[in-house]
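**Student:** Take a look and give me a structure for this.
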Amino acid sequence: MRNQPIIRKYDAIEGCYGERYEVNSKNTELFDLFKLICVWTTNSKDCEDGSRDVTFELLIGDRLEDNPIIMRKIKAWGGIII
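**Tutor:** Numbering: from 1, shown residues only. Model prediction:
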């Protein structure tokens, strides 16, 4: 079984934050996708393997699940949203 990249989802807080997703930089396709679709990062931390976990944020009111093309790309690259 291959090591699937996990994307951690943090729910939006009405009026404060959009949906946030923590993505590891090891999977460059997923990492670059989130750099393109999100408006900014809110946090990052170094991992033991030299990669970084970065939290990306969508605009308030935007939902990743509302875009089937992006969801297909995440699935095609093996990403799992938890």
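
**Student:** only C-alpha atoms for contact and neighbour calcs from this point on.
**Tutor:** OK.

**Student:** so who does residue 7 touch?
**Tutor:** 21, 22, 23, 24, 79, 80, 81, 82 (C-alpha atoms under 8 Å, 6 or more residues apart in numbering).

**Student:** Tell me where the protein has strands.
**Tutor:** For the chain, the strands defined by DSSP state E occupy 6-10, 20-24, 40-46, 52-57, 80-81.

**Student:** mind putting those strands in JSON lines, mean pLDDT included?
**Tutor:** Listed next are these as JSON lines, based on pLDDT from 0 to 100:
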{"stretch": "strand 6-10", "mean pLDDT": "95"}
{"stretch": "strand 20-24", "mean pLDDT": "96"}
{"stretch": "strand 40-46", "mean pLDDT": "93"}
{"stretch": "strand 52-57", "mean pLDDT": "96"}
{"stretch": "strand 80-81", "mean pLDDT": "94"}
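
**Student:** most packed of these?
**Tutor:** Per residue and on average, the most neighbours among those fall to strand 20-24, with a mean of 25 (mean count of other C-alpha atoms under 10 Å).

**Student:** partners of it, with directions?
**Tutor:** Under the criterion DSSP bridges, strand 20-24 sits next to strand 6-10 (antiparallel), strand 52-57 (antiparallel) in its sheet.

**Student:** Pairing partners for the residue lying closest to residue 10 once chain neighbours are set aside in the sheet, please.
**Tutor:** Ranked by C-alpha to C-alpha, 6 or more residues apart in numbering and with sequence neighbours excluded, the top spatial neighbour of residue 10 is residue 20, at 5.0 Å. Beta-bridge partners for residue 20, by DSSP bridges, are residue 10, residue 57.
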